[in-house]
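Asker: model this:
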Amino acid sequence: MSVAENNAIELSSPRISEAEVGDYIALLKPRVMSLVIFTALVGLAIAPGHVHPVLAFTSILCIAVGAGASGALNMALEGDIDALMSRTANRPIPRGRVTRQEALAFGMTLAFFAVMTLGILVNWIAGALLAFTIFFYVVIYTLLLKRWTAQNIVIGGAAGALPPVVAWAAATGSLSVEPILLFLIIFFWTPPHFWALALFRSDDYARAGVPMLPVVAGPDATRLQILLYTIVLVATAFAPWPLGYFDAVYGVTSLVLGVGMMVLAINVYRRREGVEASRATRKLFAFSIFYLFALFATLLIEVVAHAIAPSIW
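Answerer: From the prediction side, this is the model:
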């Protein structure tokens with residue numbers, strides 16, 4: 001029997017999946033999901049009016065499952081890239097634990113039930129926004145942008161910025177300025193955060209053929225873009241206070257955190273060679289995560305404080 005015939009028999013034979021529960025959890029990108037859940041929770045918390053606890057829980061759960069579905073579909077479509085990058089080579093698909101078809105089926109099933117559950121049990125504005133978020137991340141970012149343009153992170157960042165907007169819509173059935181402000185903060189946070197990662201992982205992206213900015217335009221141009229986007233981010237994050245949408249505690253916190261981001265972004269721009277350059281980018285990447293968490297946590301704390309002691313606030 002020829003090698004071709006052997007291969008044909010193997011392909012036609014039913015494959016026994018080696019995947020375990022942990023492999024499917026990994027497909028959901030739990031770390032990304034945790035950030036989605038947190039930012040969505042803030043969007044839900046600052047929304048006006050009262051949301052029934054069951055509907056609030058349902059909304060956050062559906063947004064989380066939708067984010068997990070996006071992660072699974074993203075991994076299914078990027079298995080070839082993941083296999084070439086040291087940062088992602090241990091994901092379930094490159095390791096052969098889950099097939100591309102299994103990941104696609106898993107992601108599509110989760111996406112369908114997340115959108116339908118949110119639409120039927122909460123409202124269809126939120127359901128439609130969740131569907132659009134998943135579509136944008138999987139189709140616009142993963143299929144159309146990731147492999148073709150260095151602006152993939154800039155445009156694709158819109159998907160990661162939408163969860164608080166979806167949560168606000170779930171709570172109110174409408175949109176307003178506040179969730180748009182949260183969207184803009186995450187949107188402008190995304191480029192400096194991911195380009196800092198791309199600077200010290202540029203070899204990975206080059207090996208996989210992904211046109212991240214450091215690979216296409218070089219590290220110096222990337223450092224300049226990081227600095228420029230950080231300036232826009234800090235200004236955007238501070239603006240809700242003088243505009244009267246968020247309180248002074250948020251404004252002061254935003255200012256202090258913004259100074260930290262600016263200092264680290266300037267260090268990335270100035271230190272361009274050797275160990276110091278690598279250390280500067282890693283510090284910015286790590287601090288950017290804390291920056292976004294602390295900024296949104298402040299809004300959440302303000303909501304809790306208002307509820308506990310409204311006369312003081």
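Asker: wait, isn't Y245 in contact with S176?
Answerer: No. Look at Y245 against S176 with Cβ atoms under 8 Å: they stay out of range, at 9.4 Å. Glycine gets a C-beta too; all of them are placed from N, C-alpha and C.
Asker: how close does D247 get to I301?
Answerer: 10 Å (Cβ to Cβ, to the nearest Å).
Asker: More neighbours: which of these two?
Answerer: Neighbour totals were compared for D247 and I301, and D247 leads with 17 against 14 (other Cβ atoms under 10 Å).
Asker: ok, for that one, nearest residue in space, not its chain neighbours?
Answerer: The spatially closest residue to D247, leaving aside those adjacent along the chain, is E302, at 5.6 Å (Cβ to Cβ, 6 or more residues apart in numbering).
Asker: what sits against V32?
Answerer: V32 sits next to A67, G71, G160 when contact means Cβ atoms under 8 Å, 6 or more residues apart in numbering.
Asker: What residues does the last one make contact with?
Answerer: If I follow you right, that is G160. V32, L35, V36, Y137, I186, T190.
Asker: swap in the second one?
Answerer: The neighbours of G71, taking Cβ under 8 Å, 6+ apart as the test, are L27, L28, K29, V32, M33, G107.
Asker: Restricted to helices, list those residues.
Answerer: Among those, DSSP state H puts L27, V32, M33, G107 in helices.
Asker: correct me, but the third one touches G66?
Answerer: No. Applying Cβ under 8 Å as the test, M33 and G66 come out as separate, 9.6 Å apart.
Asker: Please say which of these two ends up with more neighbours.
Answerer: Neighbours per residue (other Cβ under 10 Å) separate M33 from G66, with G66 holding more: 30 against 20.
Asker: V115 versus that one, what's the distance?
Answerer: 7 Å.
Asker: okay, and the common contacts of those two?
Answerer: If you check G66 and V115 against Cβ under 8 Å, 6+ apart, the residues they both contact are L130, I134.
Asker: Tell me the one among the contacts of G71 nearest to Y291.
Answerer: Closest approach between those and Y291, by Cβ to Cβ: V32, at 16.7 Å.
Asker: From G66, how far off is the closest one?
Answerer: When distance is defined by Cβ to Cβ, V32 is 12 Å away from G66.
Asker: Please apply the same query to A277.
Answerer: 38 Å.
Asker: One more: D80?
Answerer: 25 Å.
Asker: and if you look at H52?
Answerer: Separation of H52 from G66 (Cβ to Cβ): 20 Å.
Asker: F113 too?
Answerer: As judged by Cβ to Cβ, F113 and G66 stand 9 Å apart.
Asker: Alright, calling it a day.
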